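**Q** based on what follows, work out the 3D shape:
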Amino acid sequence: MKRITLLLVAVLMLAGIITFTAPASLHADDSATPIFVTKIPPGYRDWRLISVSHEAGNLNSIGAVLGNDVAIQAYREGKLPYPDGAIIAALHYGHVPSAENNKVFGQAQSFVAGPPTNIQFMVKDSTKYAATGGWGFATFIDGKPATAASMKSCFPCHNQVKASDLVFTHYAP
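**A** Down below sits the predicted model:
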């Protein structure tokens, strides 16, 4: 009987400790919310195409800009600012000549996506990312988030296009 009583007391104490420490730790996590997106949004490869891009210079990449349903609807309706929940993804790749295509064309003129360079996201949450114009920014290289130091240039650059709610890409229907 004493063993059952001791076991019951131990379980109650453990439950009490968990009950009192869990809310405190959840609150601490909320206050330490990063200003950058740290997880790749699930299902992004199934999103719709917004546009394509070409970055010259040091980047020298081609890319596909995709949007979730919230972003696509805002683009189609011309709705600014974008509503919370809109997510825009930019998939960047190097580009390489296509010998197969060039053979068909009879001259060197075709380029296709080469190795991936990075994936970038903009996530609209006007409360969580209030300090960065309502957008959380992210860059992932090989599936891993870029360093916080490298992300510090995102908001200052995007802030230069305030008239389009910090979004560079125009919808190409």
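
**Q** in the top strand by length along the chain, what's buried?
**A** When the chain is parsed with DSSP state E, its longest strand is strand 111-124. Neighbour-count burial for strand 111-124 flags 113, 116-124 (criterion: 16 or more other CB atoms under 10 Å). Any C-beta I mention is one placed from the backbone N, CA and C, and that applies to glycine too.

**Q** try stretch 131-139
**A** 132-139.

**Q** same question, stretch 45-54
**A** 47, 50-51, 53.

**Q** quick one: those as CSV, columns for distance to Pro81 and secondary structure too.
**A** Formatted as CSV, the buried residues of stretch 45-54 follow (distance: CB to CB, whole Å; DSSP: H, G, I helix; E, B strand; the rest coil):
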residue, distance to Pro81, secondary structure
Trp47, 20, coil
Ile50, 16, strand
Ser51, 19, strand
Ser53, 22, strand
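
**Q** what's around Tyr129, how many residues?
**A** Around Tyr129 there are 22 other residues, counting by other CB atoms under 10 Å.

**Q** ok, it touching Tyr82?
**A** No. With contact defined as CB atoms under 8 Å, Tyr129 does not count as touching Tyr82 (11.9 Å).

**Q** where along the chain do the strands fall?
**A** So, for the chain - with DSSP E - the strands run 48-55, 61-67, 87-97, 111-124, 135-141, 144-145.

**Q** and the shortest one, what does it pack onto?
**A** By that I understand strand 144-145. When contacts are defined as 3 or more CB pairs under 8 Å, 6 or more residues apart in numbering; DSSP states H and E, strand 144-145 packs onto no helix or strand at all.

**Q** got a list of contacts for it?
**A** 36-38, 138-139 (CB atoms under 8 Å, 6 or more residues apart in numbering).

**Q** where does the prediction get shaky in the chain?
**A** 1-34 (pLDDT under 70).

**Q** could you list the domains of this structure?
**A** 1-32, 34-164 (automatic domain parsing).

**Q** ok, back up a step: which of the buried residues of stretch 131-139 sits closest to Glu100?
**A** Thr139 (31.4 Å; CB to CB).

**Q** who is the residue nearest in space to the middle of the chain paired with across the strands?
**A** The structure's the chain has its C-alpha centroid closest to Phe121; by CA atoms, centre = their mean the separation is 2.7 Å. Using DSSP bridges, the bridge partners assigned to Phe121 are Ala89, Ala138.
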